[in-house]
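Participant: following is a predicted model, sequence given first.
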Amino acid sequence: MKDKYFIDTNILVYSFDNDNVHKKDISLKLISDALTQSKGIISYQVIQEFLNVAIKKFKVPLNIEDSRKYLTVVLEPLCEVYSSIALYHRALEIVERWQLSFFDSLIISAALQSECEIIYTEDLQHGQKIFDLEIVNPFMP
């Protein structure tokens, strides 16, 4: 799919950040477009990371009921990639070739598996290409 993109965990986290309205607005737009235009996706790993942060590390942590609601309404519909041995093998290839962390490589592996063209994140180098995947920091001017 043309213009298909992957949303990293930090984008979801910023969508709840009332202290940074700029990042929150951009994040909410990416998530909304992902849901309404069916172009943005996440992986099981993003769900795990987000729920962990939301429940334990948010300034005002999400309670379990709100976490379940967000899981059902936002995370589940966006999730297209689940754990597999092939995903781990590709992640190890990325670790070896690009010297990235295993968890970052797993995210990239998921984006590549889903044939995304872009991954929105602030955790990797903006503009870098990994195979056919472009790293984009949506918060850069």
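Facilitator: Nice, thanks for sending it over. Computed from a predicted structure; not experimentally measured. Numbers count the residues shown, from 1 in each chain.
Participant: any idea which element the residue of the chain most remote from its centre lies in?
Facilitator: Within the chain, the residue lying farthest from the chain centre (CA atoms, centre = their mean) is E65, at 22.3 Å. Assessed by DSSP states H and E, E65 sits inside helix 64-70.
Participant: for this protein, which segments count as helices?
Facilitator: Per DSSP state H, the chain carries helices over the ranges 9-14, 21-37, 44-56, 64-70, 76-78, 85-98, 102-113.
Participant: returning to what we had before: who's in contact with the helix holding E65?
Facilitator: Contact with helix 64-70 is made by 51, 54-55, 62, as judged by CB atoms under 8 Å, 6 or more residues apart in numbering. Every C-beta, even on glycine, is put in place using the N, C-alpha and C of the backbone.
Participant: identify each buried residue in that helix, please.
Facilitator: Neighbour-count burial for helix 64-70 flags 67, 70 (criterion: 16 or more other CB atoms under 10 Å).
Participant: same check on stretch 132-139?
Facilitator: 133-136, 138-139.
Participant: same question for stretch 17-32.
Facilitator: 23-24, 26-27, 30-31.
Participant: can you list those in a markdown table and add distance to E76?
Facilitator: Output for these, formatted as a markdown table (distance: CB to CB, whole Å):
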| residue | distance to E76 |
| --- | --- |
| K23 | 24 |
| K24 | 22 |
| I26 | 23 |
| S27 | 18 |
| L30 | 17 |
| I31 | 13 |
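Participant: list just the nearest of these to Y120.
Facilitator: L30 (5.9 Å; CB to CB).
Participant: show me what contacts the closest one?
Facilitator: 5, 7, 11, 40, 120, 138.
Participant: that one and Q45: what is the separation?
Facilitator: Between L30 and Q45 the computed distance is 18 Å (CB to CB, to the nearest Å).
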